[in-house]
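A.B. asks: Next comes the sequence, and after it the predicted model I'd like to discuss.
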Amino acid sequence: MNNKTTISVIVVSQGRPDHLRRCLLGLSQQYYKDFEVIVVADEVGCKTAAKFPSAKTQKTDIKNISAARNLGIMQAAGMLIAFIDDDAVPEPTWLCNLSEAFKDQGVAAATGFVRGRNGISFQWRGRLVNGQSQTLPITTKSDDPMIVGQQDGWVLKLEGTNMMFRVAVLREIGGFDERLHFYLDETDVGVRLGLAGYKMVLCPMAQVHHGFAASQRRTQSRAPKSLVEIGASLAIYLNKYHENDDYLAEERTAQRKRLLRFMVKGELAPSQIEPLLDSFDVGVAQARTREITMPKLACAANFKTFRTSTHDVPTQFLTGRPWQRKQLMAQAQSMLAIGQRAHIFVFSPTALFHRIDFTKAGVWVQAGGIFGRSDRNQPLVQRMTFNARAAHEKCSRKTLQHPKIPQ
């Protein structure tokens, strides 16, 4: 995708200013040039976004992610619209790789891979979804973008923290269904696009790191505090695409099993199980009272370019031992201060597993043992020297390195 194609990135945030700041830091290191950032947030989130003067802000206290995303769409002036969660961080090539899908003028949406808290394992790769909200994994044979067509009711599942749309199409279908306050909101958009015959693309190299931060609906360990919105959204979704109340009962049983797993791990008390299941039933009942709204998603006139690092300077890789970490961090922060990007490798003489973090200072850090595995499919022990390990990891971190962007 040529950099003359403008992109609007929308971030919705509620009560997580520290995570939002980290997300915006990640966005400030994108290689893509022509994009704006729109933060739809509560008061504390807007104050955080104000520290990034080139970001647009839209204040809202509505605890409804679909309505918040629609507010963001109304502020968007880009030709493409991307979405990322406030508790996620994009890799520097995210927008470049995700926008590649739109070289084909028939493509309406694209989604990428999502890494988990350790920065190595994947939470989600490609998935298909159907009208029952069931999912199936997609097998990818290469890193190239892959068109995924609708087949027997199965369509590409869009990941809410890593997705992009052609703005005209998103506005044409009315954006997000505001009855879906949380859960299945982006899935619903993808199903509507897929069933309407639009092309959607899976981009394996478009990657974000997602932390699953605590919120009003879940704890840090992902244990739910309420199932109201899950029950409501599922009931609405099934009514739109499946019309089978039996599946609601099956899902309630599945939720009970999930709650029991949290209880076994000590993250929920036995006394919490039935009240949580009751909240699922409350949500199902609420679904019947939610009215369809059709917001007017007019295009914003002013495009406000988000200030980023130096676009043409590749990521600089710094390598050292654990006792050199403080020195490496200082060097990396000095580089960031002049608009460069930095990725640190810290290797100990052990077989410790690797992990990748994006620090509060905006530095990517990969730490682990020289002999440890950096991919969960590797053997437990790697036979490597320090220098060989550094060369191997630098080569494997393609999504952090300077992309080949057509000018």
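C.D. replies: Great, that's in hand. Residues are numbered from 1 along each chain as shown.

A.B. asks: what about Gln316, distance to Cys96?
C.D. replies: Using C-beta to C-beta, to the nearest Å, Gln316 is found at 18 Å from Cys96. (C-beta placed from N, C-alpha, C; glycine too.)

A.B. asks: who's more crowded, those two?
C.D. replies: Cys96 (22 against 13; other C-beta atoms under 10 Å).

A.B. asks: Show me this protein divided up by domain.
C.D. replies: Here the domain assignment for the chain is 7-210, 228-287, 316-400, based on automatic domain parsing.

A.B. asks: Tell me the secondary structure of Val282, please.
C.D. replies: Look at Val282: counting by DSSP: H, G, I helix; E, B strand; the rest coil, its state is helix.

A.B. asks: Confirm Met263 sits in a strand?
C.D. replies: No: with three-state DSSP as the criterion, Met263 is assigned helix and is not in a strand.

A.B. asks: Check the burial of it by counting its neighbours.
C.D. replies: Neighbours around Met263, by other C-beta under 10 Å: 16.

A.B. asks: ok, it touching Pro270?
C.D. replies: Yes: if you go by C-beta atoms under 8 Å, Met263 and Pro270 touch, sitting 6.0 Å apart.

A.B. asks: How about the most centrally placed residue in the chain: what's its closest non-neighbour residue?
C.D. replies: The residue lying closest to the centre of the chain (C-alpha atoms, centre = their mean) is Thr161, at 2.2 Å. Spatial nearest neighbour of Thr161, excluding adjacent residues (C-beta to C-beta, 6 or more residues apart in numbering): Asp85 at 4.0 Å.

A.B. asks: In contact with the one you found: list those residues for me.
C.D. replies: Residues in contact with Asp85 (C-beta atoms under 8 Å, 6 or more residues apart in numbering) are Val11, Val12, Cys23, Gly160, Thr161, His210.

A.B. asks: Would you agree the residue nearest to the centre of the chain is in contact with Ala88?
C.D. replies: Yes: contact criterion C-beta under 8 Å: Thr161 and Ala88 qualify, at 4.6 Å.

A.B. asks: what's the overlap in contacts for these two?
C.D. replies: Residues touching both Thr161 and Ala88 (C-beta under 8 Å, 6+ apart): Val114, Val208, His210.

A.B. asks: now, which of the residues you listed sits nearest Thr5?
C.D. replies: Val208 (20.0 Å; C-beta to C-beta).

A.B. asks: Any idea what that closest one is bridged to?
C.D. replies: Per DSSP bridges, the residues bridged to Val208 are Pro90, Val114.

A.B. asks: Next one: it relative to Cys395, how far apart?
C.D. replies: 21 Å.

A.B. asks: Neighbour count for those two, which is higher?
C.D. replies: Just comparing Val208 and Cys395: by other C-beta under 10 Å the higher neighbour count belongs to Val208, 23 against 9.

A.B. asks: so who does the more buried one touch?
C.D. replies: Ile84, Ala88, Val89, Pro90, Glu91, Trp94, Gly112, Val114, Arg115, Thr161, Asn162.

A.B. asks: gap between the closest residue to Gln150 other than its chain neighbours and Ala108?
C.D. replies: Using C-beta to C-beta, 6+ apart and skipping the chain neighbours, the partner closest in space to Gln150 is Gly194 (4.3 Å). For Gly194, the distance to Ala108 equals 9 Å [C-beta to C-beta].

A.B. asks: Give me the common contacts of those two.
C.D. replies: By C-beta under 8 Å, 6+ apart, the residues touching both Gly194 and Ala108 are Met200.

A.B. asks: Show me what the helix or strand encompassing Gln286 is in contact with.
C.D. replies: Per DSSP states H and E, Gln286 falls inside helix 270-287. Here helix 270-287 makes contact (C-beta under 8 Å, 6+ apart) with 179, 224, 226-236, 239, 248, 252, 255-256, 259-260, 263, 268.

A.B. asks: pLDDT on it, on average?
C.D. replies: Mean pLDDT, computed over helix 270-287, is 95.

A.B. asks: With that, I have no additional questions.
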